[in-house]
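[1] Generate coordinates for the sequence data below:
(2 chains)
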Amino acid sequence: MKNPILEVKHLRKSYGKLIALNDFSLQVNKGDVFGILGPNGSGKTTTLGILLDIIKPDSGEYSWFSTAAFSNQRTRIGALLEQPLFYPYLSAVKNLEIVADIKRVSYDQIDAQLDKVGLLDRKHSKFKTYSLGMKQKLAIAASLIGDPEVLILDEPTNGLDPRSIAEIRDMIIEIANQGMTVLLASHLLDEVQKTCSHVAILNKGKLLHSGRVDEVLNSSAMLELRADDMTALKQQLEQFDFVDEVLAEGTMWMAKLKEEKDPATVSKLLAQQGIYLTHMAVRKKSLEKYFLELLSDNNA
Amino acid sequence: MLRLIKIDFKKYAYSRTFWVLLLIYFVLIVAVFFGMEKFINQVLNSAKTSAQIPVPDFSLYSFPYVWQNLAFLGGFFKIFIALIVVIFVTNEYSYKTIRQNVMNGMSREQFLASKVLFALLLSLSASIIMFVSGIVLGLGHTAELSISLVFPKMEFIAAYFLELATFSLLAMFTAFLLVRSGLAIGLLAIYYYIGENILTFMLPENISRFLPVESMGNLIDVPNSALMKMFGVNFSEVVSIPDVFICGFWSIFFIGMTYLLLRNRDF
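    Now for the predicted structure:
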């Protein structure tokens, strides 16, 4: 059953002449790990900012947890937007105490959250003495205070070293596995592909596509095929109505499919026509390819 | 409300800047309160030697006059309280913590309320410093001490609080408006020392008396002294009630304007 956590309808935001977000609609259901993917400046942070009430949209509306009154709901949402924001002269613990006070939760879990991100032994150090990676981890710890139902992360691995990136991604996957709904903005396709169940692709403030990550990948799946009689194979493939196009690639045919098709079915259909495959492989298009295609379509 | 105060206090309690500024203010204001009588009398003593007429000794601290005298003196140092307000409001912008606070679930109204409370509590602290100084000085300097002398004119402490509160709310508004501390402090100082004087000069008096700094200053008139009476000058010995309302209006106005500013602002 669909259980909408967030519904966004026709959001629009402009900064002077620049339209940062145009007619943006979206629905996020409970348990989704939703990636918002787009190049820098495409409107990702603006979108999340609006959803967190720090940016006022020109028009459109959104609702969290199917309620209009938002400010009481915000403590159910943990968020990290762009960069970690803390009082530099306060220690990690004091900073998190302020977060806990704002969210009206006890200080009990502060140590546990700091431990989770590996900062427990530096908990009394001032925030300004932290490295960039530590700051980012503290921000993640802060966003987890109060056991939110939804986690909003904007470029959570920005500027981190590869090890920290891997750690933070693992953390996101772990969090998602516990059933938390995650909204993740990123310009890194790889990141979205590795962590998200759903994706919305954004460019120049416009929503180009949204859906399940595996649907996006499968919707344009391709088959690599080879048989002894390559000419007959091509002719036959072109007669199938689920095949969009047959292209040559090296010694193989590459069949672009209109819809997903089970390889076993394809091979059976071909065998019925007396064509026996010597090779078949499903090649999923990477999100990156799809993304670049979408962007070029959009720019054309 | 207590929660907001608690959150805000945590932001200052571990800030060295905050305590240093507060300590400087405390030392300065106590030094002024406790040293002023001696200073004035020294000036008078040197005047006495050349004066034709006898100049009476000057007592700043006897009950109940001490309240008006200290309230009047303290008013000159309100820019200090305003400075602290400006620094800690603009800090929230330079650290972008206002953004994080709102994201974490503090509404814009609550954020504003926390800063209004901060400004009021600072003004209250300064008023308490003045109250304690007044008690100490009064007890030591009143010739025929009786309890009935202590309490009259204590309303000047309330007027002093109102003066500080109005000014720190103006400072808060300026800080939220301009966001940068240097700019806000600069503009506030220019308005306080020069800008409003020019306005007062240009506008007719029945209008200029409604200006914020002017009305703050009019709350507590120059204290009368025997010396001034000799010259036939007579200042008001009570808190100016119309100016209480004018200052009250400005305080609410500054809070309201800040609210309008915050309501639609992107962080």
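[2] can you pull out the helices in the stretch 101-250 of chain B?
    Ranges of helices within the stretch 101-250 of chain B are B:108-141, B:147-150, B:155-178, B:181-190, B:196-202, B:205-208, B:212-219, B:226-230, B:241-263, based on DSSP state H, counting those that start in this stretch.
[3] from these, which stretch is densest packed?
    helix B:155-178 (a mean of 24; mean count of other C-beta atoms under 10 Å in any protein chain shown). Just so you know, the C-beta spots here come from the backbone N, C-alpha and C atoms, and that holds for glycine as well.
[4] near chain A at all, that helix?
    No - residues of helix B:155-178 contacting chain A under C-beta under 8 Å from any C-beta of the partner chain: none, with a closest distance of 15.2 Å.
[5] quick revisit: I'd like the helices of the stretch 101-250 of chain B laid out as CSV, including mean pLDDT.
    Output for the helices of the stretch 101-250 of chain B, formatted as CSV (pLDDT from 0 to 100):
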stretch, mean pLDDT
helix B:108-141, 94
helix B:147-150, 80
helix B:155-178, 96
helix B:181-190, 95
helix B:196-202, 91
helix B:205-208, 88
helix B:212-219, 91
helix B:226-230, 62
helix B:241-263, 95
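[6] Report the mean per-residue pLDDT for the host helix or strand of A:Leu96.
    For A:Leu96, the enclosing helix or strand under DSSP states H and E is helix A:92-102. Mean pLDDT, helix A:92-102: 94.
[7] And whichever helix or strand comes after that helix, what's buried?
    Helices and strands here follow DSSP H and E; after helix A:92-102, the next one along the chain is helix A:110-116. Residues of helix A:110-116 classed as buried by neighbour count (16 or more other C-beta atoms under 10 Å in any protein chain shown): A:110, A:113-114, A:116.
[8] so A:Asp244, which of the three states?
    Three-state call for A:Asp244 (DSSP: H, G, I helix; E, B strand; the rest coil): strand.
[9] Next, count neighbours for it.
    For A:Asp244, the neighbour count with other C-beta atoms under 10 Å in any protein chain shown is 15.
[10] What residues are bridge-paired with the residue nearest to it when sequence neighbours are not counted?
    The spatially closest residue to A:Asp244, leaving aside those adjacent along the chain, is A:Lys256, at 4.3 Å (C-beta to C-beta, 6 or more residues apart in numbering or on different chains). For A:Lys256, the beta-bridge partners under DSSP bridges are A:Met222, A:Glu245.
[11] Can you check the pLDDT for A:Lys256?
    In the prediction, the pLDDT value recorded for A:Lys256 is 80.
[12] again, but for the one 3 residues further on
    Model confidence at A:Glu259, expressed as pLDDT, equals 74.
[13] which one is it nearest to, not counting chain neighbours?
    Here the nearest residue to A:Glu259 in space, its sequence neighbours aside, is A:Phe242; by C-beta to C-beta, 6+ apart that works out to 5.5 Å.
[14] now swap in B:Leu139 and tell me
    Leaving aside its sequence neighbours, B:Leu139 is closest to B:Leu145 (6.9 Å, by C-beta to C-beta, 6+ apart).
[15] The residue nearest the centre of chain B and B:Ile157, how far apart?
    Nearest to the mean C-alpha position of chain B, by C-alpha atoms, centre = their mean, lies B:Leu164 at 2.7 Å. When distance is defined by C-beta to C-beta, to the nearest Å, B:Leu164 is 11 Å away from B:Ile157.
[16] what is in contact with the two at once?
    Residues touching both B:Leu164 and B:Ile157 (C-beta atoms under 8 Å, 6 or more residues apart in numbering or on different chains): B:Ser127.
[17] hmm, back to that, list the residues that contact the residue nearest to A:Glu259.
    Shown here is A:Phe242, whose contacts under the criterion C-beta under 8 Å, 6+ apart are A:257-259, A:261.
[18] Tell me what angle the helix holding A:Leu96 forms with helix B:108-141.
    Using axes from the mean of the first three to the mean of the last three C-alpha atoms, to 10 degrees, the interaxial angle of helix A:92-102 with respect to helix B:108-141 works out to 110 degrees.
[19] buried residues in helix A:92-102?
    A:92-102.
[20] quick revisit: was I right about the residue nearest to A:Asp244 contacting A:Glu249?
    No - no contact is recorded between A:Lys256 and A:Glu249 when judged using C-beta atoms under 8 Å, the distance being 11.0 Å.
[21] who's more crowded, these two?
    The neighbour comparison of A:Lys256 against A:Glu249 (other C-beta under 10 Å) goes to A:Lys256, with 14 against 10.
[22] how far away is the more buried one from chain B?
    If you measure A:Lys256 against chain B using C-beta to the nearest C-beta, to the nearest Å, the figure is 44 Å.
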